[in-house]
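Q: Take this sequence and fold it.
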Amino acid sequence: MARDDHAMAVKEDGDIFVFGGFVKGSRNNELAKYERSGDCVESEMVNEGGEAAPLVRAGHSIVNCGKNFYVFGG
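A: Below you'll find the model as predicted:
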């Protein structure tokens, strides 16, 4: 889904995670995963803004450290 003001982090295995931003004019706290599979990229919604997700935000940063993601600002 199209979004802006989101943040992106890449894990050591090459998987890309996109968090938050604006979707259709509203801030959100979705976490999407993009995984390379040969010449294609497969995507899945990891967390659609459930209780365990950080608050909605935009204009933030995200970094990956081991199995954890850290979100700052927004």
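Q: Who is residue 31 paired with across the strands?
A: Taking DSSP bridges as the rule, residue 31 bridges to residue 19, residue 47.
Q: contacting residues for it?
A: With contact set as Cβ atoms under 8 Å, 6 or more residues apart in numbering, residue 31 has these partners: 17-19, 45-47, 53, 69. C-betas here are computed from N, CA, C, even on glycine.
Q: Which of those are buried, as a PyMOL select command?
A: The PyMOL selection below is limited to those of the contacts of residue 31 classed as buried (16 or more other Cβ atoms under 10 Å):
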select buried, resi 17+18+19+53+69
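Q: Which of the contacts of residue 31 scores worst on pLDDT?
A: By pLDDT, residue 53 ranks lowest within the contacts of residue 31, coming in at 78.
Q: can you give me phi and psi for it?
A: Dihedral pair for residue 53: phi -80, psi 150, per degrees, to the nearest 10.
Q: Ok, residue 17 next?
A: Dihedral pair for residue 17: phi -120, psi 130, per degrees, to the nearest 10.
Q: give me every residue that touches it.
A: When contacts are counted by Cβ under 8 Å, 6+ apart, residue 17 touches 8-11, 31-34, 46, 62, 64, 69.
Q: Out of those residues, which comes closest to residue 23?
A: Residue 23 has its nearest neighbour among the contacts of residue 17 in residue 32, at 10.5 Å by Cβ to Cβ.
Q: The closest one contacts residue 45, doesn't it?
A: Yes. The pair residue 32 and residue 45 passes the contact test of Cβ atoms under 8 Å, sitting 5.6 Å apart.
Q: most neighbours, which of the contacts of residue 17?
A: Neighbour counts for those, by other Cβ atoms under 10 Å, peak at residue 31, which reaches 23 neighbours.
Q: what's the helix or strand that contains residue 44 packed up against?
A: Element membership for residue 44, per DSSP states H and E: strand 40-48. In this structure, strand 40-48 packs against strand 30-37, with contacts taken as 3 or more Cβ pairs under 8 Å, 6 or more residues apart in numbering; DSSP states H and E.
Q: mean confidence score for the strand it packs on?
A: Across strand 30-37, pLDDT averages out at 90.
Q: Alright, calling it a day.
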